[in-house]
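Q: Give me the fold of what follows.
(chains A and B)
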Amino acid sequence: MPKNKKPRGGRPAANFEPRYGANKTSFHDRHAGGRDAGRPERGARADAGDRRSAPAAGGYDRRPGSRSVGHRGYRPAEAEAGAPKQRWNAQERAGRDEARGIRNRAESGRRETPHHRGDERTERPRFSDRSSTGARRFDDRPTRAGGRDERPRFDRDDRPRRDDRGGQRPTGPGTYRDERGGQRDERPRRDDRGAGTQRQGFRDNDHRDGGRPVRDDRRGQRPTGPGSYRDERGGRDDRGGQRFGRDERPRRDDRGSGAPSRGAERPERSYDADRARRAFDRDRTQRSFEGGRDERSRPSTGGAYRADRVRPLTSDTRGRPSRNERPSRNDWNATPAAAPSKKFEQGDDVVHERLEAKSVAAVEVDGVTFGDLGLGSNIVDTLVGMGAATPFPIQAASIPAVLAGRDVLARGRTGSGKTIAFGAPLVERVLQSQAGKRREFGRSPRAIILAPTRELALQIDRTIQPIARSVGLFTTQIYGGVPQGRQVGALKKGVDIVIGTPGRVEDLINQGKLDLSDCRIAVLDEADHMCELGFVEPVQRILRHTADGSQKLLFSATLDREVAALVDEFLVDPAVYEVAGEDQDSSTIEHRVLVIEHRDKADILTSLVDRDGKTLVFARTRAYADMLAEQFDDAGIPAVSLHGDLNQAKRTRNLERLTSGRVNVLVATDVAARGIHVDDIDLVVQADAPDEYKTYLHRSGRTGRAGRSGRVVTLITRQRQRRMTELLERAEIEAPFENARLNDDLIEEIAGRVPTAADLTA
DNA sequence: AAAAAAG
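A: Below is the predicted model of the structure:
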C-alpha cells in the first residue's frame, strides 16, 4: 500500500529514494492530488449558476491559495472570489487564519528545509514569530560571520545558509535527503527487482547511506591509508577501496603486533575443551533442530575453520592480546579484579565479568572469502559491491557459526563490521529455510533484528536490505515515531526480515499485526545495552514470541556478562567470539580530558566546535543538547541537535544534515552514542562526561572510524577528576588531563586551529 | 538521564 506513494523514478535508485522522500511524497501528494481533484469540482460549482463564475473561473487555477475541498487549507471559492470578509463570522475567520497558518508553515517549512536551522530543534520561542526573528537572525549573521571572515573555514558554512535564507530557493538537491526519515516501502518495484542490485544507480544510492556504514565499519578494523577513505560515494570506488583494504590487511597485523605472535604462543586447545569451559555451555541437544541444521548448512570450510583458525582464549590473562600490563577490557571485559575497588563505588557503572571467548585474529582470516564461509554467491557479490570483498575477523568467526545454526555472542569494537557479521549469514539462513518455497503473500517474518534506537535500526536496514534483496528477500523497519500504517501494510504483504526497535515491535505484536511465531532467528544489536534496565523486559517478551528454539545472535562492542539474563533464558550453547588485538593501543583515537572552570564551559565548547571538520558533541540531557546547538548556532556555527524530544522526522533529518555535511556540528544525547555511523567525524566532544565506561567507549567510537584519526575531548570540572580517572581505567583508555582555560592554545590545538598557521596566513 | 510505543 505504500507502494503507490513511492516516487516513480526510472532511476534504479528509486527503491532507495522513498525513504528520503516519504514525508515529502505524502506532502506533495496531498497538494498535487488536491489540485487535480479540486479543479473539476470547483468548476462544477462555479458552473452551477454562480454569476461570479465567469470572471472568477479563469482565475481559479492561478489564484494563489486556491485549494481543493480535500485540502486542509481549503476555503470556499465564494469567500475568496467575491464574498466580503465581513460575512465571515468569527469562527470562520479563525478557521481561515488557521488554514493560512498551516499553509504558510508548510510552505515555509518546505522552502527552508534544506538549510534552515531552526526547524531542527524542538519548539523555541523565537519560532512563534518566525519572520521577524528570522530577519533578525539573518541580519545578525553576516555581522557575526563577517567577524569570522578572517577564518576561511567559515565561509563554506555561512555562505550557503545566507544565500538560502535570503534567496528563498525552494529546494536544493538536498531536499530529498532532508526529508528522509519517513519510512520507505521495503518492497522494490518490480522493475527494480533482481537487476536492481546490479545497477550502478542502486549501488550509488545504497552506498550513500547503507554501504558506507558497513564499509567504514569494516575499515575501522584496520588502519587503512587515508587514500582509501574519501572515495566512498560511488560503487566503483568502493570496490577499489575494498581491494585496497585487502592489501591493507597485513598492516593491521603489524600494527596490532601482538596478534599473530600471540596466537603462536598461545597453546592450542581443542574445541571440546573450549566448550566445556564456557560458562554458557549447555547441552546442545536441547536445540531440537540443531543437528540436522548443523550438517546441512555448515560450510565446507566451516568446521576446519573453527578448529584451525579461531583460537580460543584460555583464560583471562593467558594469551591475552593486551600489549600493556593491565588486563585488557578488550577481551570481553575486565575481570572484577581489574577494577576491584570500583565495582560498587558507583552503582551505575558496574564492571561485569568477562565472557570466555574464542579470539580470532586478523591474520587467521587472511585469504578466506565470504564464499568460503558458506555464503551464497548472490550475497557474496552484493557484499563485494558494498565494498566488502573479504571478511573481517569478527565476520569470519561468526558467519560459519551463524550458518551452522548456533547461538552466537560476538564482540567486535566499534566499527568492526558487526552488522555484516550477523546480517549476511542471517540472510543466507533465511534463504535456506525458504529454499524451494514460494514466497507467500502475508508470510510472517523469519528473522528479527532489534536495535536500541531508531536511527540504528534504520542504519542496519540500509546495510542488510541490499543483501536481502539480492536473494529476493524483503526487509522492513518496525520502529516508533512514525505512523504504523505503512509498517503494518508491509507486514501484511509479507516480510522476511524485520528490523526494529523494541517498543513498536512489541506494540505491533500485541495488536496482532506482527507474528513472530515463525521467526527462527533473532538478533540483538548492542546486546548489552538491550539488557539494561528498561530495555530487557520488552526484549525478553519479544524474544519469547519467536519460534521455539529460535537462533539468537547477540552482538555488541561492549558485550559482557550483562547479557547473562538473556543468555540464560534464550541461548543454547552459544559460540562466543571476539577479535584479537583490539585494544586501545591499536585504536586511532586520541583521548584527552580538559579540566575546566564551569563558568568557561559554554565558551570553551563554542570554541571547540568552531572548526573545520565534523564534530559530534554529547550532552547528558535533551534540553542541554538543544541549548548547546542553539548556542553554537547563535555564534554563527551551524549546528543541529539529535535527541528523543525531537520528532522522528527531525531526528532523521538532523542526523542526515551532519552526514551530508550541511552542518558540521551535531549535538546529541546518548541516542547517538551507539552504532550510529557518520563519516568523517574527527572530533567527539563530551560536554558532559559519561557516567559509564561503556558509554565512553561507544561515544568515542563515533570517531576514529575507518582507521582515520579521531579525537575525543571530555570536559570536566576539577571535582570530577577522580570519577573520570576511574571511568577511564574501566574503559582502559589513557587520556591526559589538562587544565584548560578559554582561549588557551590547547583548545585551538584540539579544534585543529593552529594559531601559528593562522598567523602565517594573516 | 536517556532510550524505547502512542491514534
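Q: give me the residue from the stretch 601-750 of chain A nearest DNA strand B.
A: A:Gly644 (2.6 Å; C-beta to the nearest atom of the strand). The way it works is simple: take the backbone N, C-alpha and C, and place the C-beta from them, glycine included.
Q: how deep is that residue tucked in, by neighbour count?
A: 15 (other C-beta atoms under 10 Å).
Q: Now do the same contact list for it.
A: A:622, A:669, A:671 (C-beta atoms under 8 Å, 6 or more residues apart in numbering).
Q: again, only this time at 6 Å
A: By C-beta atoms under 6 Å, 6 or more residues apart in numbering, the contact list for A:Gly644 reads A:Val671.
Q: Phi, psi for it please.
A: phi -80, psi -10 (degrees, to the nearest 10).
Q: From A:Gln721, how far out is it?
A: 30 Å (C-beta to C-beta, to the nearest Å).
Q: Quick check: residues of chain A near DNA strand B?
A: Where chain A comes near DNA strand B, counting by C-beta under 7 Å from any atom of the strand, the residues are A:348, A:452-455, A:479-484, A:500-507, A:510, A:532-535, A:620-623, A:643-645, A:669-671, A:691.
Q: Going through those, which ones are buried?
A: A:452-455, A:479-482, A:484, A:500-506, A:535, A:622, A:643, A:645, A:669-671 (16 or more other C-beta atoms under 10 Å).
Q: Pretty sure A:Phe555 sits against A:Leu409.
A: No. Using C-beta atoms under 6 Å, A:Phe555 is not in contact with A:Leu409, being 7.9 Å away.
Q: the more surrounded of the two?
A: Ranked by neighbour count (other C-beta under 10 Å), A:Phe555 and A:Leu409 place A:Leu409 first, with 30 against 26.
Q: element containing the more buried one, please.
A: strand A:408-411 (DSSP states H and E).
Q: ok, that strand: who's next to it in the sheet?
A: strand A:551-556 (parallel), strand A:575-579 (parallel) (DSSP bridges).
Q: Kindly indicate whether A:Val498 is helix, strand or coil.
A: strand (DSSP: H, G, I helix; E, B strand; the rest coil).
Q: quick one, strands of the stretch 551-700 of chain A?
A: For the stretch 551-700 of chain A, the strands defined by DSSP state E, counting those that start in this stretch cover A:551-556, A:575-579, A:589-596, A:614-618, A:639-642, A:665-668, A:681-686.
Q: So what touches the fourth one?
A: In this case it means strand A:614-618. A:609, A:664-667, A:680-681, A:683-687, A:699, A:702.
Q: What strands line up against that strand, and which way round?
A: Strand A:614-618 has these strand partners (DSSP bridges): strand A:665-668 (parallel), strand A:681-686 (parallel).
Q: Could you pull up the mean pLDDT of it?
A: Per-residue pLDDT values over strand A:614-618 give a mean of 96.
Q: so who does the residue of chain A at minimum distance from DNA strand B touch?
A: Residue nearest to DNA strand B within chain A: A:Gly503 (1.8 Å; C-beta to the nearest atom of the strand). A:Gly503 makes contact with A:Gly480, according to C-beta under 6 Å, 6+ apart.
Q: Could you say which helix or strand holds it?
A: Assigned by DSSP H and E, A:Gly503 falls in helix A:502-510.
Q: Compute the mean per-residue pLDDT across the strand holding A:Leu409, please.
A: Rounded mean pLDDT across strand A:408-411 is 94.
Q: ditto for stretch A:637-645
A: Mean predicted lDDT for stretch A:637-645 stands at 96.
Q: for it, how far is the first residue from the last?
A: 22 Å (C-alpha to C-alpha, to the nearest Å).
Q: What of stretch A:371-385?
A: Span of stretch A:371-385 from end to end, C-alpha to C-alpha: 14 Å.
Q: what's the answer for stretch A:447-454, then?
A: 18 Å.
Q: Give me the contact list for that stretch.
A: With C-beta under 6 Å, 6+ apart, stretch A:447-454 has contacts from A:426, A:430, A:457, A:460, A:479, A:497-499, A:501-502, A:519, A:521-526, A:529-530, A:671.
Q: Sitting in helices, which of the residues you listed do you find?
A: Judged by DSSP state H, the contacts of stretch A:447-454 include A:426, A:430, A:457, A:460, A:502, A:529-530 as members of helices.
Q: So which residues make contact with stretch A:527-538?
A: Residues contacting stretch A:527-538 (C-beta under 6 Å, 6+ apart): A:452, A:502, A:506, A:524, A:539, A:554-556, A:558-559, A:562-563, A:565-566.
Q: any idea which of those is closest to A:Ala731?
A: Checking the contacts of stretch A:527-538 against A:Ala731 with C-beta to C-beta, the nearest one is A:Thr558 at 9.3 Å.
Q: Show me chain A divided up by domain.
A: A:1-111, A:194-584, A:588-761 (automatic domain parsing).
Q: Go through these and find the least confident stretch.
A: Among the domains of chain A, domain A:1-111 scores lowest, at a mean of 37.
Q: okay, now the nearest residue to A:Thr369 once chain neighbours are set aside: neighbour count?
A: Closest residue to A:Thr369 apart from its sequence neighbours, by C-beta to C-beta, 6 or more residues apart in numbering: A:Thr390 at 6.0 Å. A:Thr390 has 21 neighbours, counted by other C-beta under 10 Å.
Q: secondary structure element for A:Arg437?
A: For the record, residue A:437 is Lys, not Arg. According to DSSP H and E, A:Lys437 maps onto no helix or strand at all.
Q: again, but for the one 3 residues further on
A: For A:Glu440, there is no enclosing helix or strand under DSSP H and E.
Q: residues contacting the closest residue to it other than its chain neighbours?
A: Of all residues not flanking A:Glu440 in the chain, A:Gly494 sits nearest, at 6.2 Å (C-beta to C-beta, 6+ apart). When contacts are counted by C-beta under 6 Å, 6+ apart, A:Gly494 is found next to A:441-443.
Q: Buried subset of those, written for PyMOL?
A: Of these, the buried ones can be selected in PyMOL as follows, counting by 16+ other C-beta under 10 Å:
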select buried, chain A and resi 443
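Q: What is the neighbour count of A:Asn654?
A: Neighbour number of A:Asn654 under other C-beta under 10 Å is 29.
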